[in-house]
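Engineer: From the sequence below, what's the structure:
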Amino acid sequence: MQQGHTVFFKNAPRLIATGSIAGPKECAGVIGKFVDKALSDDTFGEQTFERAERKMLLYALEASIAKAGLQKEQVDAVLSGDLLNQIISAGFAARETGIPFLGVYSACSTLSEALLLGGVLVDGGYARRVACATGSHFSSAERQYRYPLELGNTRPPQSQWTVTGAGSVLLAAEGEGPALTCGTVGKVVDYGVSDVNNMGAAMAPAAADTILRHLADTGREPDYYDLILTGDLGALGSRLLKELVRERGADISANHVDCGEIVYRVVEDEFQGGSGAGCSAAVFCSYIYEHLLRGDIRRVLLAATGALLSTVSSGQGETIPCIAHAVAIEAEIGGLHSTMPHIYRASKGE
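Structural biologist: Okay, the predicted model is just below:
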């Protein structure tokens, strides 16, 4: 069923398992004890950072399948993308699995887009099991989107740190786990921001548009959700999001947290916090998913955010169009708002 831009899943797919991996900087923070593999070296034993990123994504995919007690042959499709040109990390990782592959891309919103599309496939009966995965690597993203690491450029205070990490969610028509109940397709929003070091400000309007559209389509109030989780707005973007939503008559300040604020122990040392496709993937597939399984939280709206720019568009002076897709994930137990302060404190590095 569809209402506005929101698709409701009659046969709600289950999130039966996740796989996650993160780099040493990320694992120094709160997610370190929740990821399946904490790296001590961000090269992951490879000769290039691009190969390390690919290997991380493959690890997350295989971990989610193994934790579900399945073989690769029992998975009908992989929906995956990344930040590198031609989504090479996803394509090369899928090459190693032998599983049918659908490449998806919406920058750092790729996880929620993959979950939404995977939900459609499973709910419609077109697939029984679908793996939804994405990841990023600080060093590969830096030299594609910004400057070579060897150049040693200083970072402005509004910048974020691309997360080295990956995550995979295994959706299934049957099984145990939280349910994917609905999803809202975002639209491209551009408020005229052109500063490539200020992704939070660029993406916040897209997040606000999708969250408000989701609430309107579903007829829900913000407090329906224990957690409204954005992908990588960072500290500044999160503040802007709350202000934009408040201006349009809603208040999400009590239950909103951003993955970019959660991922690092001390936000101040990472400027505005984390970013990248691996930011929402590593945080959700480890820390948040574990809280859902424990029953600490019951209803989560995951609205990962993405900036749809390239080095070409930025070099030609274009502004930054952004997107946010949202998916509602609901467990059958727990759902205590009293757990929110714990997650919020984690986002502040406490």
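Engineer: For the chain, name the helix or strand with the lowest mean pLDDT.
Structural biologist: helix 340-347 (a mean of 50; mean pLDDT, DSSP states H and E).
Engineer: now the strands for the stretch 251-350 of the chain?
Structural biologist: Per DSSP state E, counting those that start in this stretch, the stretch 251-350 of the chain carries strands over the ranges 256-258, 274-275, 299-307, 322-330.
Engineer: which residues sit against the shortest one?
Structural biologist: Contacts of strand 274-275 from elsewhere in the structure, counted by C-beta atoms under 8 Å, 6 or more residues apart in numbering, are 26, 108, 160-163, 199, 232, 234, 259-264. Just so you know, the C-beta spots here come from the backbone N, C-alpha and C atoms, and that holds for glycine as well.
Engineer: Give the partner strands of it in its sheet and their orientations.
Structural biologist: Partners of strand 274-275 in the sheet, by DSSP bridges, are strand 161-162 (parallel).
Engineer: so after the partner strand, what's the next helix or strand?
Structural biologist: Going down the chain from strand 161-162, the next helix or strand is strand 165-172, by DSSP states H and E.
Engineer: just the angle between that next one and strand 322-330, please?
Structural biologist: Going by axes from the mean of the first three to the mean of the last three C-alpha atoms, to 10 degrees, strand 165-172 is angled at 50 degrees with respect to strand 322-330.
Engineer: export the following helix or strand past strand 165-172 as CSV, just CAs?
Structural biologist: Downstream of strand 165-172, the next assigned helix or strand under DSSP H and E is strand 179-184. What follows is strand 179-184, C-alpha atoms only, in CSV (Å, rounded to 0.1, in the frame of the first residue of the first chain):
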residue,chain,number,x,y,z
ALA,A,179,10.3,-5.8,11.1
LEU,A,180,10.7,-3.3,8.2
THR,A,181,7.2,-1.9,8.2
CYS,A,182,7.3,1.0,5.8
GLY,A,183,9.6,3.4,3.9
THR,A,184,9.5,6.9,2.6
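Engineer: buried residues in the helix or strand following strand 179-184?
Structural biologist: Per DSSP H and E, the first helix or strand lying C-terminal to strand 179-184 is helix 199-218. Residues of helix 199-218 classed as buried: 199-215, 217-218 (neighbour count, 16 or more other C-beta atoms under 10 Å).
Engineer: ok, back up a step: mind telling me which of the strands of the stretch 251-350 of the chain the model trusts least?
Structural biologist: When the strands of the stretch 251-350 of the chain are compared on mean pLDDT, strand 274-275 scores lowest, with a mean of 88.
Engineer: In this structure, where is pLDDT below threshold?
Structural biologist: Where the chain drops to pLDDT under 70, the residues are 146-154, 156-158, 265-271, 333-350.
Engineer: Which parts of it are helices?
Structural biologist: For the chain, the helices defined by DSSP state H cover 24-27, 49-67, 88-97, 110-123, 138-145, 199-218, 234-247, 259-262, 277-283, 289-294, 311-315, 340-347.
Engineer: Excluding covalently adjacent residues, which one is nearest to S194?
Structural biologist: Of all residues not flanking S194 in the chain, T319 sits nearest, at 4.8 Å (C-beta to C-beta, 6 or more residues apart in numbering).
Engineer: Tell me how many other residues crowd that neighbour.
Structural biologist: When neighbours are defined as other C-beta atoms under 10 Å, T319 has 15 of them.
Engineer: cool, G165 as well?
Structural biologist: 39.
Engineer: hmm, back to that, just the buried residues of the contacts of strand 274-275.
Structural biologist: 26, 108, 160-163, 199, 232, 234, 259-264.
Engineer: Identify the farthest-apart pair in those.
Structural biologist: Distance extremes for those: the farthest pair is E26 and M199 at 17.7 Å, using C-beta to C-beta.
Engineer: how about the nearest residue to S280, chain neighbours excluded?
Structural biologist: Nearest residue to S280 in three dimensions, chain neighbours excluded: G231, at 3.7 Å (C-beta to C-beta, 6+ apart).
Engineer: try A22
Structural biologist: Using C-beta to C-beta, 6+ apart and skipping the chain neighbours, the partner closest in space to A22 is G165 (3.7 Å).
Engineer: who's in contact with L102?
Structural biologist: Applying C-beta under 8 Å, 6+ apart, the residues near L102 are A77, V78, L79, S80, L117.
Engineer: again with G91
Structural biologist: If you count contacts by C-beta under 8 Å, 6+ apart, then G91 has F101, G103 around it.
Engineer: how much space between it and D82?
Structural biologist: 9 Å (C-beta to C-beta, to the nearest Å).
Engineer: can you check Y264 too?
Structural biologist: For Y264 relative to D82 (C-beta to C-beta), the value is 21 Å.
Engineer: And for Y145?
Structural biologist: 12 Å.
Engineer: Who has more neighbours out of the two?
Structural biologist: Neighbour count, other C-beta under 10 Å: between Y145 and D82, D82 has more, with 35 against 16.
Engineer: close enough to count as contact, the more buried one and G135?
Structural biologist: Yes: between D82 and G135 there is a contact at 5.9 Å, judged by C-beta atoms under 8 Å.
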